[in-house]
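# just to be clear, the model below is a prediction. Sequence and coordinates:
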Amino acid sequence: MMSIKGLGRKARFAFSAGCVSILAATAPALAQGASEDGAPAVDEFHPDRNPAAVPLYGGTVIVHTPSMPKHMSYPTENSAVTRRVLYEVHESLLLQDWESHEYVPNVASEYVTEDMLVLMPGAASNYPDAVIDLEVANPADPDGPQVTARVIYGKVTDNGETYRVAPGSRGTLLTESLDVSREHVDRVDRGTVLTFTLREDVKWHPYATEGVTIDDQFVDARDVLFSYELYSNPGVDCDEKRPIFNKITRGEIVDDRTVRFFGDAQYYALVDALGVTLTILPTHVYDLSDPDNPDYTEDASAAQQAERINNSPTNRMWVGVGPYRVTEYSNQWIKTERFDGYFDVERAGYFDKIQWRHIDNDTAAINAALNGELDFFDRVKSTDYFGELVKKESFTDNLYKGYRYLGTYGFNVWNMYRPQLMEKEVRQALAHAFDFDTYLRENYKNLARQVTGPFPFESAGYDHSVTPYPYDPDLAIEMLEDAGWYDRDGDDIVDKDGVALEIDFMMPSGNKASETFGLTMKEQFEEIGVKVSISAFDWATFLERLKGRDFDSANLAWVPSLESDPEALWGSRWGMPEVEGSNNAGVMEPELDALIRAGQRELDFEKRQEIWKSMHRFIYDLQPYLFLYNVPSKFAMSRKVHGFQTFAIDPGYSIRRWYYVDPSISGTRPAL
């Protein structure tokens, strides 16, 4: 059992970082620092750093966003921008502390983990008052349908000939400890039952619809259960997260403030999935069966409910529980203002308003920062970061520069359904045809690290023994010829079975880094007889084509957490043509599925990392991606803003910790 209650001020100032997505010179001066107690240094890069400065409250901060998600509802919008805005306008059951990375209470005041005994057939009659029927994973067919089992749950201790099961949470069948004979037990699944107790003071933002405003609703167990159950509705557009919640077989309301969940088997990420990734939705807004919902519909169908979740206007004009509420959502802006009903004043942040401004062109964005129209821009090009721009008075008078490393890695995904990209040997040849070292030197001034696998570069699951394919265009030509690809008709493009090896490279419009990469790939691949064309699309169209696999290759990046479940990206079920998930390459490999299952079930951290390393090696050999670089995010920030710190958890900073110290800035004041 794990029961976590109140923490000190330092830990409680953190807030959640979910798992799952988006998209330096080796100068010693670029080492990131920390304070004497090990916490990330405050204002490490600020030229006017003053540890004694007193933070002011109030004012507005404007943060750049390179893309605008279609909406703010994270279950159906798998965007890093959405997730990052939700950090300020919403909260999860638990939060992952910025410094310690531990899970600590948030909307939940505490949580308890318990174990599950799966009984042998016929054994349940020996424990009639302690057994429940539960759908569990079938060990003989882990990817197949769940099967019904007789289960006893609680805090399980192995006593040799018996297992002792003690009640660990409120509202269980057990009122006292129970001894269960070992011969009656098929298996023990550890940590598969989670019970959350909710705070009583977590208030929803006001909900306005058709002249009606609802502003007196508090989070309860029904909200949490509804937010889990939506993933079982096939009409809800949540395939990118459905793999996580498919592993949770049941949720139940214990009382108004208590909700319990059962996993179908051991799963290392169950706490993160339910505590952090689960986005709590208000039933009075989304659940058509809630009488408090102005659009209450008796006997609403699953299709009607899915339509509400997918397309509610509140997906943009978000109704959350965070310290800021959305006041405007357009193609150019997400604007938020302080919410006075927020439940935790100590974590409410300093600004009165946080705004995200959408500028899809990086050159236009840095110019906006120079003109004082942005306070934070974190896509500064290396040529600018190390060049003359940052030395000009127009920059130094108003801005300063800095950087942060995250687990982000860039890649070019190959659509393995395309006939010219189906063969592993072709994809390996393309990796040999790209000059990574020269590209790194010319475009990143060596301030980046080439990656060879799908885990964060600094994570324990990243296998640093995997060496990148060397640049060798002659070998690439030879590999293509061995696979039957050569120029049969004299047009300088290799072909096979009537198919030319032509690749359309898809990129988000206005993304200078993607454009540079695409042009380089075009030039280098044409040397081995592969033709590359370039197509740029606005972000919404780019995502639509990506999810529909209407592309040959596409350039983007993932922003994974320090350890996240790889199934959604690499599991076969999520690579099928009809599934619009995150397995964009269409990877369907039984050996890879087996490694994923093994990692999911392994609770021992070190053993699990060895499994992830095996996955790393398998995937790099398969080459579904042309893996690129872990690039530090180089930013320009207003000198007016203080309190910046870097963290390992995405997005690598906390806006709630930023503040002004100059009282002449409009709207500032000494107290909240």
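Great, that's in hand. What you see is a predicted model; the values in this text were computed from it and never measured. Residues are numbered from 1 along each chain as shown.
# tell me the pLDDT of F15.
pLDDT, F15: 25.
# and what of the one 4 residues further on?
As predicted, C19 sits at a pLDDT of 31.
# so for the top helix by length along the chain, what gets flagged as buried?
In the chain, assigned by DSSP state H, the helix with the most residues is helix 605-622. Using 16 or more other Cβ atoms under 10 Å as the test for burial, helix 605-622 gives 608-616, 619-620, 622. Any C-beta I mention is one placed from the backbone N, CA and C, and that applies to glycine too.
# burial check on N311, number of neighbours?
Residue neighbour count, defined by other Cβ atoms under 10 Å, stands at 12 for N311.
# check contacts around it.
Shown in contact with N311 (Cβ atoms under 8 Å, 6 or more residues apart in numbering): no residues.
# distance of it relative to T76?
According to Cβ to Cβ, to the nearest Å, N311 stands 9 Å off from T76.
# kindly export stretch 603-621 (C-alpha atoms) in CSV.
This file holds the C-alpha atoms of stretch 603-621, laid out as CSV (Å, rounded to 0.1, in the frame of the first residue of the first chain):
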residue,chain,number,x,y,z
LEU,A,603,7.8,-3.6,-12.0
ASP,A,604,11.5,-3.8,-11.3
PHE,A,605,13.0,-0.6,-12.7
GLU,A,606,16.4,-2.0,-13.7
LYS,A,607,15.0,-5.1,-15.3
ARG,A,608,12.5,-3.0,-17.2
GLN,A,609,15.2,-0.7,-18.6
GLU,A,610,17.0,-3.7,-20.1
ILE,A,611,13.8,-4.6,-21.9
TRP,A,612,13.6,-1.1,-23.2
LYS,A,613,17.2,-1.3,-24.4
SER,A,614,16.3,-4.4,-26.3
MET,A,615,13.4,-2.5,-27.9
HIS,A,616,15.8,0.3,-28.8
ARG,A,617,18.1,-2.1,-30.7
PHE,A,618,15.2,-3.8,-32.5
ILE,A,619,13.7,-0.5,-33.6
TYR,A,620,16.9,1.0,-34.8
ASP,A,621,17.5,-2.0,-37.0
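# contacts for that stretch, please.
190-191, 266, 268, 424, 428, 452-455, 460-463, 466, 563, 566, 570, 589, 591-592, 595-596, 598-599, 602, 625, 627.
# narrow these to those in strands?
Counting by DSSP state E, the part of the contacts of stretch 603-621 found in strands is 190-191, 625, 627.
# now distance to I655 and pLDDT too, for the buried residues of helix 605-622, in a markdown table please.
Compiled in a markdown table, those are given as follows (distance: Cβ to Cβ, whole Å; pLDDT from 0 to 100):
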| residue | distance to I655 | pLDDT |
| --- | --- | --- |
| R608 | 33 | 96 |
| Q609 | 32 | 96 |
| E610 | 37 | 97 |
| I611 | 36 | 97 |
| W612 | 31 | 97 |
| K613 | 35 | 97 |
| S614 | 38 | 98 |
| M615 | 34 | 98 |
| H616 | 33 | 98 |
| I619 | 34 | 98 |
| Y620 | 36 | 98 |
| L622 | 39 | 98 |
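# looking at K445 now. What's its pLDDT?
pLDDT at K445 comes out at 83.
# how many other residues sit next to it?
For K445, using other Cβ under 10 Å, the count is 17.
# picking that back up, possible to save the ones in strands among the contacts of stretch 603-621 as CSV with pLDDT, distance to E373 and neighbour count?
Output for the ones in strands among the contacts of stretch 603-621, formatted as CSV (pLDDT from 0 to 100; distance: Cβ to Cβ, whole Å; neighbours: other Cβ atoms under 10 Å):
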residue, pLDDT, distance to E373, neighbour count
R190, 96, 53, 15
G191, 95, 49, 18
Y625, 98, 36, 26
F627, 97, 36, 23
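# redo those residues as a markdown table? Include distance to S289.
Shown next, in a markdown table, are the ones in strands among the contacts of stretch 603-621 (distance: Cβ to Cβ, whole Å):
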| residue | distance to S289 |
| --- | --- |
| R190 | 35 |
| G191 | 32 |
| Y625 | 43 |
| F627 | 46 |
